[in-house]
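Undergrad: Quick one, what's the 3D model for this:
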Amino acid sequence: MSQLSESKRMEELVSSYHSSGQTQKDFAKAHGLTEGKLHYWIKKLSVPLE
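TA: Prediction:
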């Protein structure tokens, strides 16, 4: 998977996570991610780019 498609996929998953009402642990498990990877992308995508 290219970096661009991985980034786009994670943007979509983070958006889904925010509207899911699930814990990071439960959401990650349901989507085949590690909790650490989900947490990383949530933090990365919440920082505005300069």
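Undergrad: Select the longest helix from the protein.
TA: helix 3-20 (DSSP state H).
Undergrad: got the contact list for that one?
TA: With contact meaning C-beta atoms under 8 Å, 6 or more residues apart in numbering, helix 3-20 is reached by M1, Q24, F27, H31, L33, L38, W41, I42, L45. C-beta here means a position set from N, CA and C on the backbone, and glycine is covered the same way.
Undergrad: I'd like the next helix or strand past it.
TA: helix 24-30 (DSSP states H and E).
Undergrad: elements contacting that next one?
TA: Helices and strands touching helix 24-30, by 3 or more C-beta pairs under 8 Å, 6 or more residues apart in numbering; DSSP states H and E, are helix 3-20, helix 35-46.
Undergrad: Output those as TSV; include the columns mean pLDDT.
TA: Below are these laid out as TSV (pLDDT from 0 to 100):
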stretch	mean pLDDT
helix 3-20	92
helix 35-46	94
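Undergrad: can I get these in TSV with mean neighbour count?
TA: Formatted as TSV, the helices and strands packed on helix 24-30 follow (neighbours: other C-beta atoms under 10 Å):
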stretch	mean neighbour count
helix 3-20	13
helix 35-46	14
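Undergrad: what's A28 in contact with, if anything?
TA: T34, E35, K37, L38.
Undergrad: Relative to L4, how far out is it?
TA: According to C-beta to C-beta, to the nearest Å, A28 and L4 sit 22 Å apart.
Undergrad: okay, which residue is most central for the chain?
TA: V14 (3.6 Å; C-alpha atoms, centre = their mean).
Undergrad: separation between that one and D26?
TA: When V14 is compared with D26 (using C-beta to C-beta), they lie 15 Å apart.
Undergrad: same question, S46
TA: 20 Å.
Undergrad: Ok, T34 next?
TA: 13 Å.
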